[in-house]
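Novice: Give me the fold of what follows.
(2 chains)
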2 protein chains.
Amino acid sequence: MNKLVSLRTLMKEKNIDAYVIYSGDAHGSSYVADYWKSRAWLSGFTGSSGTVVVTETHAGLWTDGRYFVQAEAELSGTEFTLYKMDMPDVPTYKEFLAENLPQGGKLGFDGRVVGVKEFNKIKDALEDKAISYAYGEDLMDKVWKDRPSLPTEPAFEHEPRFACTPASEKLGAVRREMAEHGATSYLVTAMDGIAWLTNIRGRDIAFTPVVYAYAVITTDTAHIFIDRNKVAPFATKLTAQGFTLHDYDEIVGFLASLPGGTLVYDPGRINVLLSEAVPSNVTVETDLDTDIITMLKAPRTPAELANIRYAFLKEGTVLVRCLKWLKEQKDITELTEGDVVRKLTSLRELEADFVSDGFSTIVAIGGNASQAHYSSGPVGDKLKPEGFLLIDTGAQYLDGTTDTTRTIAVGPLTPEMKRHYTLVLKGYMRLARAVFPKGTAGVQLDVLARAALWAEGLDYRHGTGHGIGYCLAVHEGPQGVHKKGKVAFEPGMMISNEPAFYVDGVYGIRTENIEVVTKKAETEYGEFYGFETLMYCPIDTTAIDASILTQDEIDYLNAYHAKTYEMLAPRLNDDERAWLKEATKAINAVLVFS
Amino acid sequence: MNKLVSLRTLMKEKNIDAYVIYSGDAHGSSYVADYWKSRAWLSGFTGSSGTVVVTETHAGLWTDGRYFVQAEAELSGTEFTLYKMDMPDVPTYKEFLAENLPQGGKLGFDGRVVGVKEFNKIKDALEDKAISYAYGEDLMDKVWKDRPSLPTEPAFEHEPRFACTPASEKLGAVRREMAEHGATSYLVTAMDGIAWLTNIRGRDIAFTPVVYAYAVITTDTAHIFIDRNKVAPFATKLTAQGFTLHDYDEIVGFLASLPGGTLVYDPGRINVLLSEAVPSNVTVETDLDTDIITMLKAPRTPAELANIRYAFLKEGTVLVRCLKWLKEQKDITELTEGDVVRKLTSLRELEADFVSDGFSTIVAIGGNASQAHYSSGPVGDKLKPEGFLLIDTGAQYLDGTTDTTRTIAVGPLTPEMKRHYTLVLKGYMRLARAVFPKGTAGVQLDVLARAALWAEGLDYRHGTGHGIGYCLAVHEGPQGVHKKGKVAFEPGMMISNEPAFYVDGVYGIRTENIEVVTKKAETEYGEFYGFETLMYCPIDTTAIDASILTQDEIDYLNAYHAKTYEMLAPRLNDDERAWLKEATKAINAVLVFS
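Specialist: Numbering: from 1, shown residues only, chains lettered A, B, ... in the order given. Just a heads-up that it's a prediction; the model follows:
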C-alpha cells in the first residue's frame, strides 16, 4: 500500500484531521538516528530540516532556502507540495493548519519530537479552532513497516584519564545547583548532558558520541533511562557511583509518579510527551537562566584542558598533512571535494584515541563555499586551480572535540579576494587578541570580528563563535559570540572564532580556530580575561594583502605561525616539517611611500 | 511642633505603622521641583537621592555612597539613623520594613511618587506580613505647613521653527503606533514625552525645560492634564491641534472613568496612584518593547538636526572661550571650581535662544574628578596648577540640548597620566569612527570605547553613552552605549560618546562629544550606519602620548581639529581665533626607531 494511503487510513481510524511529521528526535539533538527519520521516509525528501503535514486531501513539505533545489528534485512526481519557507506569500505550516483544519478538528503528531515551545506556538496559531491534540502515539510506527530500530550500538565508558572528573563528583555539583534553585528533582533530556554527567559515550548518532537516554536526579537518587544492554559491561560501576538504571521507555511513567516537590528542566529541550507527563502536584520551575548541566559543563577543568591541548596537536598534524597534500597536487582537478573529506578522515585514523569526524566536513571549491553550510556529499565538485578552497572540519577524539576552518588559495587571486581574505583575518585576530573584564558576554565582543568588514559595508550572516563540547557536540552552549550571546565568559569556556565573508556564487572565505577563555590579569579594576588559541595550523599567507595589516597584526600572525611550527614540528617527518617551515614563515609589513 | 512628632501624630490617627518618604516626583523625573522635596525638609538631608522611613519609635534615612559624608553631617544631632546602602550588614529599607512592621500592619506612602515596579518589590518583601497599604494621601501635605506649591512658572510654546513638526502631526504618529499595538488609549506620564508631543516647554524643574503634566491619547481624543494658567496664552492653539485641556489633578478621575478597551503606558514610568486608578474593565498592555513616544521622539528629524548642529556651534563657541580663559589664567589658584561653572553660564547667556544650563556643570580639579558625578556646589575647591581639570557641561538652547566633557592639562602631567588620557581618547575615536549594519545596538559597540583600556587591565565603571533630548532631558532613552543598550540604532538617534578613566582620589579623565547616527552606505550586505560628531571643541593635544596612537588615529584627530577651526573661527574674534588655531593645530606621529 502507498505510504500516504496507509497513514491516512490510520488517521481516519483515529479521527485525526491533520498529522505533522518533524525532523528531530526526542532530545533536541542536531543529528538524529535513522529511527527518527520518518519525514524523509514518508516524503522522500532527505535534507536535514523539513516538516511534513498530511491531511485527507493534501500532503505538504516545508523546508528552508538551503534545500529548495534538493526538495524540488526529490519531491517531483510525488503528491507532496513544496512550501518554500520565508518566501513571499508562502504560508508557514502553522498558518496552513489554521487555514485547513476544521473547527473542533484533531491534530496529531509524535509528542516525543515536538518541543513544548513549539507546541505552545501551535496552540496559539490554532486558538480560534477548538482543536484537540493527539500526541501520545507515533502513527509512523504502524505505517513504516521496516522502520529501523533505535540504535543498539554498545556504549562505552569515557575513561577516567579522559573524563577527568568522576560521575559521583559531577552528581554532587548538580545537587548543589539544584539546592541553590530550590529543586527537588531535575530532568535531563539533552543527550550530551547525560553523557557529561555519567561519563558514558556512545555511537547512537553520527558525529556526536552520545547515547539515547534520559536522567532524573533527585536530592538523594539518580536515575538513568537507557537501553540497558548498551551499558551492561559497566552497569555495576554506574550503580556504584549512585545511578539507578531504568529502561529508556520508563521515563514517562517515572515522571508521572513523581511524588511532588519542585522539578527543573531545560525548557528549550523538553518535549511535549514528557512535559505533559509531569503530575500537577509537582511545581515546575523553568526560570533558570540556563540549564544546570549546560552551565556546569561549559567551563573546562584544567585536567580536561590539558587533554584538549593534546587533541588539538593531533588535529593540527592532520590538517598540516592535508594542506601539504593539497598544495602539492600536480593537477588538483583530479580531486573532488569528497576526496578531501575522505583524506582528512584517513589522516585522523592515524592519530590516537580518534572516535569519528566531528561533523560532516565542508570542502567547498569556488562558489560552493559561499553557502556557509555547503555539503559536497561523498563526491561533490571537482577541484579547480582557481581562487579559494574552503575546508571546515572537526574531529571527535576521546581527549577533545575540534573544529577548524581554513581557506586556501588553490589558484590565482584577485586583489579584491586578497583584501576580503585579509579583512576576515583582521577580524579573527582582533577577537583572538581581545582582553575583557569578568562579566563580559559574546554579544559585546562580536563587533571585534566584524568591524574591519563593516567599515567597508561588508558582513557575514552568521554568528562569529559557538561553544564546543569535550568529546561531545561540536556546538554546545551556553556561551557564544553573536547577537544573542548573553552568557558571561568564564575561564575554561571554549568558543570558535570564525569570521567569514561570502560573495554569492563566487567564493567564500572563513578562518576559524577554537579558543579557550583564560585569566589574563587582575587589577584594581577587576579580573580581566582573554583567549588562548588551542589550534595550531598555518593560515595561508599567500592570500594576504599585508598592506592593510597593522604592524601589531603582522607581529601577532608571525608569532602564531612561529608557535605553530614549534608545536607541530616534533610530530612531523622531515618532508612535512620542511613544508610547514615554509607555510609558517614570517611575513613582512608592506612599506608604503606616498 | 517638631516635624517628626506631627508626622507621627498623623500616622497614629490613620493607624499607619510606618511611613516612607521618597525623593522623586510623580513622573519619574531626574530633577524635581521644590514641592516634591519633603524628604529633604523632614530629615534635613539635601542630597538628590535618599529614602526616609518613619515608625512610631524610629526614623531612618537610606542613601548611597555618593552621599555618606554629606548625610552624616546633615543628620548629625537629629533623630535620624543613617543607613549606608550597599555596605555590609546594612539592611535595605524594605528589609527594615519587613523586620519592623507588625503582622497585619499598615504601610503608608505617597502613591504618586512610587513606581509600580518598586511597589511590587515592596509587596514581595512584605508578603508574609499581611500588610495593608495607604498610598492615596500624602501625609506630608498636612505636616509640611509652608510646603512650596507646585511650580507656577508660565509654560511657553516651542515655536514651529524649533519644534519643526506640528503637534497635530505627532499626534497622528502616536495614534498609528497605538493602532499597531491594538491600544485604544495611551497614558503618557513622562514630562519630556508630553513636551515633545505638544511642543510645549516650561520651567517647572531645574535644567530640563518641561511642565508638570499628564496626557491621555485615545483613538479620537487627546487630553492634557496641566495647570491651565501656565498654558493660557496659547490654549486655543492647543485646542486647535486636537488637545482638550484638564486640570493637573483630574488625571486620576479621568483614568478611573475610562470606558474599557486597551490601555498602554510606560510600565517603568507609572506611579501606583495612577496604575491603581485604572478600572478593571480596561486591559492594560505593558508588553511594548519601548514606550511609544520614547521610541517616536528618539530619531531626530532632518529639520531638528539642522537646528541642533547650530546649537552645537554656539556651545562650541562657549567652550572655546571658556578653555581659552582658563588656559590663559596667570594664576589659576585664584579661581574656584564654582567660578568656572559660572563662567560657562555667563558665556552661554551671550548666545541666542539660550534657556538654561542642561545639568549641574561638573568642574573638578585633580582627585575631585575621580568621582564621576562630582559636584563642586557654588564654590568648590580652588584650582591648582597640577595635572588635570575635568569639565562636563551642557546647555539647553531652544534649538538643541548639548553635553560635552573635556579634560585639560592645567599643570605638568606624568607619562602615565598622558598614557591614560590617550587610551581614553583612542576609545572615544574608535566609537566615533565605528561603522555598523542596521540592527546594531549599543551593547555591541561599547567594547570599541573600552578595548584600549581593557587591554591594559583598566576600565571605567559607567556606561559609554546615553541618548539626549532635543531642548529636553540631557539623558533620554531608549538607545545607549552600555551593557543594557539593546535598542537598535536608527539614523537620527543621538548618543553621547564618553569613555573615561579614573584613579581614585588622584585624577579623572573623560572625553565626551555628542554623536548622531547617520547612514554611511548601502551595499548588498545591507544598510550601514555610523556617527556624525555634532560637537566641535578642541581636545587638549598637550595631554596626548602620540606614540601609542596609530597613524589613522592621528589623521582622524587632526581632521577633527581642522574642522573644529573651520566651523568655529567665523564666530570668534581675532584673539580667540588665534588661540583656537593653536589649540587645533595638527599633531605628528612619533617615529620610533628600534
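Novice: What residues does chain A have near chain B?
Specialist: Proximity of chain A to chain B is assessed by CB under 8 Å from any CB of the partner chain, with A:434-437, A:440, A:443-448, A:451, A:454-455, A:457-459, A:483, A:520-523, A:525-526, A:528, A:550 identified as the residues in range. (Glycine included, C-beta is placed from N, CA and C.)
Novice: From those residues, list the buried ones, please.
Specialist: The neighbour count (16 or more other CB atoms under 10 Å in any protein chain shown) marks A:434-437, A:440, A:443-448, A:451, A:454-455, A:457-459, A:483, A:520-521, A:525, A:528 as buried among the residues of chain A next to chain B.
Novice: Select from the residues you listed every entry located in strands.
Specialist: Filtering those for membership in strands, criterion DSSP state E, returns A:F436, A:P437, A:K520, A:A521, A:F528.
Novice: now the second one: how far from B:R461?
Specialist: So that's A:P437. From A:P437 over to B:R461 the distance is 10 Å, taken as CB to CB, to the nearest Å.
Novice: what about the strands in the stretch 1-150 of chain A?
Specialist: A:18-21, A:51-55, A:59-63, A:81-84, A:106-109, A:132-134 (DSSP state E, counting those that start in this stretch).
Novice: helices and strands around the last one, which ones?
Specialist: Strand A:132-134 is packed against strand A:106-109, with contacts defined by 3 or more CB pairs under 8 Å, 6 or more residues apart in numbering or on different chains; DSSP states H and E.
Novice: The strand it packs on pairs with which strands?
Specialist: Take DSSP bridges as the rule and strand A:106-109 pairs in its sheet with strand A:18-21 (parallel), strand A:132-134 (parallel).
Novice: which ones among the buried ones among the residues of chain A next to chain B are found in helices?
Specialist: Of those, the ones assigned to helices by DSSP state H are A:V443, A:Q444, A:L445, A:D446, A:V447, A:L448, A:A451, A:W454.
Novice: just the ones in strands among the buried ones among the residues of chain A next to chain B now: which is nearest chain B?
Specialist: Looking at these and their distance to chain B, the nearest is A:A521, at 4.2 Å (CB to the nearest CB).
Novice: Report the contact partners of the closest one.
Specialist: A:V435, A:E527, A:F528, B:G457 (CB atoms under 8 Å, 6 or more residues apart in numbering or on different chains).
Novice: sorry, back to before: can I get the ones in helices among the buried ones among the residues of chain A next to chain B in JSON lines with distance to B:L107?
Specialist: Listed next are these as JSON lines, based on distance: CB to CB, whole Å:
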{"residue": "A:V443", "distance to B:L107": "40"}
{"residue": "A:Q444", "distance to B:L107": "41"}
{"residue": "A:L445", "distance to B:L107": "45"}
{"residue": "A:D446", "distance to B:L107": "46"}
{"residue": "A:V447", "distance to B:L107": "47"}
{"residue": "A:L448", "distance to B:L107": "50"}
{"residue": "A:A451", "distance to B:L107": "52"}
{"residue": "A:W454", "distance to B:L107": "53"}
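Novice: Nearest to A:A546 among those residues?
Specialist: Distance to A:A546 across those (CB to CB) is lowest for A:A451, with 19.1 Å.
Novice: I figured that closest one hits A:V424, correct?
Specialist: No. With contacts counted by CB atoms under 8 Å, A:A451 stays clear of A:V424, the gap being 11.9 Å.
Novice: which regions of chain A lie under the pLDDT threshold?
Specialist: With pLDDT under 70 as the threshold, chain A has low-confidence stretches at A:1, A:591-594.
Novice: mind giving me the domain split of it?
Specialist: The record, using automatic domain parsing to delimit domains, assigns chain A the ranges A:3-143, A:156-294, A:302-536, A:553-594.
Novice: Using a markdown table, lay out those domains together with distance to B:Y536.
Specialist: Rendered in a markdown table, the data for the domains of chain A read as follows (distance: least, CB to CB, whole Å):
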| stretch | distance to B:Y536 |
| --- | --- |
| domain A:3-143 | 46 |
| domain A:156-294 | 45 |
| domain A:302-536 | 24 |
| domain A:553-594 | 28 |
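Novice: Buried deepest among those, which one?
Specialist: domain A:302-536 (a mean of 20; mean count of other CB atoms under 10 Å in any protein chain shown).
Novice: For the helix or strand A:K343 falls within, which helices and strands make contact with it?
Specialist: When elements are assigned from DSSP states H and E, A:K343 belongs to helix A:337-348. Using 3+ CB pairs under 8 Å, 6+ apart as the contact test, the elements touching helix A:337-348 are helix A:302-327, strand A:354-357, strand A:362-365, strand A:388-393.
Novice: which other helices and strands contact the longest one?
Specialist: Contact partners of helix A:302-327 among helices and strands, from 3+ CB pairs under 8 Å, 6+ apart: helix A:337-348, strand A:388-393, strand A:395-397, strand A:400-401, strand A:404-409, strand A:513-523, helix A:551-568, helix A:574-583.
Novice: what would the ones you listed look like in JSON lines with distance to A:S43?
Specialist: Putting these into JSON lines (distance: least, CB to CB, whole Å) gives the following:
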{"stretch": "helix A:337-348", "distance to A:S43": "26"}
{"stretch": "strand A:388-393", "distance to A:S43": "29"}
{"stretch": "strand A:395-397", "distance to A:S43": "31"}
{"stretch": "strand A:400-401", "distance to A:S43": "32"}
{"stretch": "strand A:404-409", "distance to A:S43": "32"}
{"stretch": "strand A:513-523", "distance to A:S43": "37"}
{"stretch": "helix A:551-568", "distance to A:S43": "47"}
{"stretch": "helix A:574-583", "distance to A:S43": "47"}
